[in-house]
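**Q** Fold the following for me, if possible:
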Amino acid sequence: MTKTATSRRVLLVLVSWAPDAPAGIERATAALALGLAQSGHRPVIATAAPQPDIDSELLPGVTVDHLTIEGLTFPCDDQALRRAVTLQDGLLSAQIRAMVLRHRIDTVLFTDALWGLGRLRGEIPGHVRRALAVHVPPHIVDAGPAVARATRILFPSSTIQQHAIDWAVLGQVVPNALMSDPAAGPAPDAARREVLRRTAPIRVLARLGPEKGVAELLEALPAFDRTVEIALASAGFEDHDGSQRHLLDRCRHLADHCPNVSLRSALPWSDVPNWLAGAAAVIVPSHKETFGLVALEAMSVGTPIIAYRVGNLPDLIEPTGHGEHLLTDHDSGPHGLLKTATALLDDAILYGATTQAVYRRAGDFAPHRIAELFIEAVS
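**A** The predicted structure is shown next:
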């Protein structure tokens with residue numbers, strides 16, 4: 001653990017947080033909390049989601065505390081949560097204040113305007129910093145009160161910051177972090193990666209959301225001759241009641257017509273790096289990405305990523321120097337993704353250089369580095 005001159009006590013608020021949740025904000029919150037703990041700070045995660053028995057080795061040094069929101073069940077949509085939070089604003093604010101006192105918190109990070117309770121109107125003790133993380137552009141009814149009460153505004157990427165035209169000047173970019181430092185493990189082995197290039201499947205890891213583009217990719221796969229393995233998972237939130245179930249049914253139907261495709265369920269966070277490391281390449285078929293954690297996870301184990309040139313993915317991938325070989329225009333559709341993947345896998349020299357380049361780039365997002373940026377931003 002890295003000791004700091006001043007240990008900070010940070011409360012990270014996210015209604016839907018649970019370990020192994022297949023969602024970006026949940027995963028980013030865990031990684032930031034872990035980085036803070038590794039740097040000698042004392043992070044606490046506040047959540048209203050049901051909690052399984054948490055492996056103490058998953059997030060060492062991180063405390064999880066429980067919020068109560070009456071009448072709310074998971075998964076739920078934005079409308080249901082907004083109604084519950086609006087009706088229980090005072091009660092929720094009182095719970096946050098109690099946590100601040102119980103854990104002697106000096107900084108509260110509301111991880112989103114709605115799901116991270118940034119829209120709460122209740123006051124917290126005056127000495128406590130109130131930071132707001134904007135992982136996705138908030139609904140206008142949530143953004144107003146959240147921004148008005150924040151003393152710091154953080155964005156995971158310049159892509160999201162550029163959406164916040166009226167108040168981006170008030171904030172700064174603090175990227176999402178990996179759960180572990182790539183440098184703490186072995187670098188990609190060139191001989192093993194060459195075997196993977198020739199024999200391993202292409203893999204896709206995604207949450208069940210239409211913006212993730214998995215159904216469209218499946219529609220293009222009957223004509224593709226490489227094995228593709230897809231892991232799909234349900235989150236604690238959805239566009240509308242039953243939308244994840246309907247999308248999963250559609251994906252299963254499409255997969256049934258692709259003999260070279262297999263679907264599997266969610267992976268625990270601890271299993272994700274090894275699963276991605278065993279792929280020849282990882283396709284991220286998202287139509288939009290505010291950050292791109294799956295891409296970053298793949299990069300951290302030296303696995304090349306194929307993706308559309310959308311959202312934050314170019315900022316994540318192009319610094320490797322291999323963007324032209326990994327990114328394709330969104331207008332090219334899923335066939336463009338498959339064509340790009342084929343070209344990369346057919347070129348052994350290019351593939352070897354790409355694996356090293358993406359691995360080096362991922363080192364910029366080690367948890368302790370991002371924790372340092374966060375502490376600087378809220379100080």
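**Q** can you map out the strands along the stretch 51-200 of the chain?
**A** Using DSSP state E, counting those that start in this stretch, the strands of the stretch 51-200 of the chain run over 63-66, 107-110, 129-133, 152-155, 171-173.
**Q** strands paired with the last one, and their directions?
**A** Neighbouring strands of strand 171-173 in its sheet, by DSSP bridges, are strand 152-155 (parallel).
**Q** contacts for the partner strand?
**A** 109, 129-134, 147, 161, 164, 167-168, 170-174, 374, 377-378 (CB atoms under 8 Å, 6 or more residues apart in numbering). C-beta coordinates here come from the backbone N, C-alpha and C atoms, glycine included.
**Q** What's the mean pLDDT across that strand?
**A** Across strand 152-155, the average pLDDT comes to 93.
**Q** Which other helices and strands does whichever strand or helix holds Met299 contact?
**A** In this structure, Met299 is located in helix 293-300 according to DSSP states H and E. Identification of packing neighbours for helix 293-300 by 3 or more CB pairs under 8 Å, 6 or more residues apart in numbering; DSSP states H and E yields helix 24-38, strand 202-207, helix 272-277, strand 281-284, strand 305-308, helix 313-317, helix 348-362.
**Q** picking up where we left off before, can you say which of the contacts of strand 152-155 are buried?
**A** Buried subset of the contacts of strand 152-155 (neighbour count, 16 or more other CB atoms under 10 Å): 109, 129-134, 147, 161, 164, 168, 171, 173-174, 374, 378.
**Q** out of those residues, who's nearest Ala353?
**A** Val173 (28.4 Å; CB to CB).
**Q** Gln161 is in contact with that closest one, correct?
**A** Yes: under the criterion of CB atoms under 8 Å, Val173 makes contact with Gln161 at 6.0 Å.
**Q** one step back: quick one, which of the buried ones among the contacts of strand 152-155 has the minimum pLDDT?
**A** The member of the buried ones among the contacts of strand 152-155 with the lowest pLDDT is Ala168, at 52.
**Q** Mind pulling up the pLDDT for the spatially most central residue of the chain?
**A** Centroid-nearest residue in the chain, with CA atoms, centre = their mean: Gly24, separated by 2.3 Å. For Gly24, the pLDDT comes out at 88.
**Q** per-residue pLDDT, the residue nearest to it when sequence neighbours are not counted?
**A** Nearest-residue entry for Gly24: Leu293, 5.3 Å, with adjacent residues in sequence omitted and distances by CB to CB, 6 or more residues apart in numbering. We have a pLDDT of 95 for Leu293.
**Q** Phe74 now?
**A** The model reports Phe74 with a pLDDT of 85.
**Q** Against Ala18, how distant is the closest residue to it other than its chain neighbours?
**A** Closest residue to Phe74 apart from its sequence neighbours, by CB to CB, 6+ apart: Gly236 at 4.4 Å. Distance of Gly236 to Ala18, computed by CB to CB, to the nearest Å: 7 Å.
**Q** For the strands of the stretch 51-200 of the chain, could you give me TSV that also reports distance to Gly116?
**A** Formatted as TSV, the strands of the stretch 51-200 of the chain follow (distance: least, CB to CB, whole Å):
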stretch	distance to Gly116
strand 63-66	15
strand 107-110	4
strand 129-133	7
strand 152-155	11
strand 171-173	15
